[in-house]
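Asker: Pasted the sequence and its predicted model underneath.
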Amino acid sequence: MMKDIVKFEDFLKIELLVGTIISVKMNEKARKPAYVLTVDFGPELGKKQSSAQITNYSRGELLGKSVVAAINLGEKTLPTGFISEFLILGALKPDGTVSLIEVKEKLLPGSVIS
């Protein structure tokens, strides 16, 4: 089912950036298995944290990975009290796990997705 059409101008308001995962810890308070990710978005934005249900990846697979994130959606306070500062992007597989949208070429953290 297709979602509602959005204006192109509204889509352009979403800031998508490349970030590098620099820390991965289990989110012990999460109801479903999840990691707390610290991602470096470069010198202008710095480091931000988010919780993500991407435990189909090992911590080792995630460390150093370049990912795509929406960084201007506002902070979201999860039921556990954790404040998520960005949304990491991925595609849902039929089994419900997430396949992260990755950047194959090594780009600087903070590079703009356009």
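Answerer: Cool, the structure landed.
Asker: can you tell me which strand in this structure is longest?
Answerer: The longest strand of the chain (DSSP state E) is strand 16-26.
Asker: how close does Met113 sit to Leu92?
Answerer: Heads up, residue 113 is Ile, not Met. From Ile113 across to Leu92, the span is 19 Å (C-beta to C-beta, to the nearest Å). In this view, the C-beta of every residue, glycine as well, is placed from N, C-alpha and C.
Asker: Quick check: buried residues in the longest strand of the chain?
Answerer: Under the neighbour-count criterion of 16 or more other C-beta atoms under 10 Å, strand 16-26 has 16-21, 24 buried.
Asker: again, but for stretch 32-44
Answerer: Buried residues in stretch 32-44 (16+ other C-beta under 10 Å): 34-42.
Asker: Turn those residues into a markdown table, including pLDDT and secondary structure.
Answerer: Shown next, in a markdown table, are the buried residues of stretch 32-44 (pLDDT from 0 to 100; DSSP: H, G, I helix; E, B strand; the rest coil):
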| residue | pLDDT | secondary structure |
| --- | --- | --- |
| Ala34 | 93 | coil |
| Tyr35 | 96 | strand |
| Val36 | 96 | strand |
| Leu37 | 98 | strand |
| Thr38 | 98 | strand |
| Val39 | 98 | strand |
| Asp40 | 98 | strand |
| Phe41 | 98 | coil |
| Gly42 | 97 | coil |
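Asker: Report the two of those separated the most.
Answerer: The largest separation in those, counting by C-beta to C-beta, is between Ala34 and Gly42 at 24.8 Å.
Asker: Touching, Leu37 and Leu62? I think so.
Answerer: Yes. Leu37 lies in contact with Leu62 (C-beta atoms under 8 Å); the separation is 7.1 Å.
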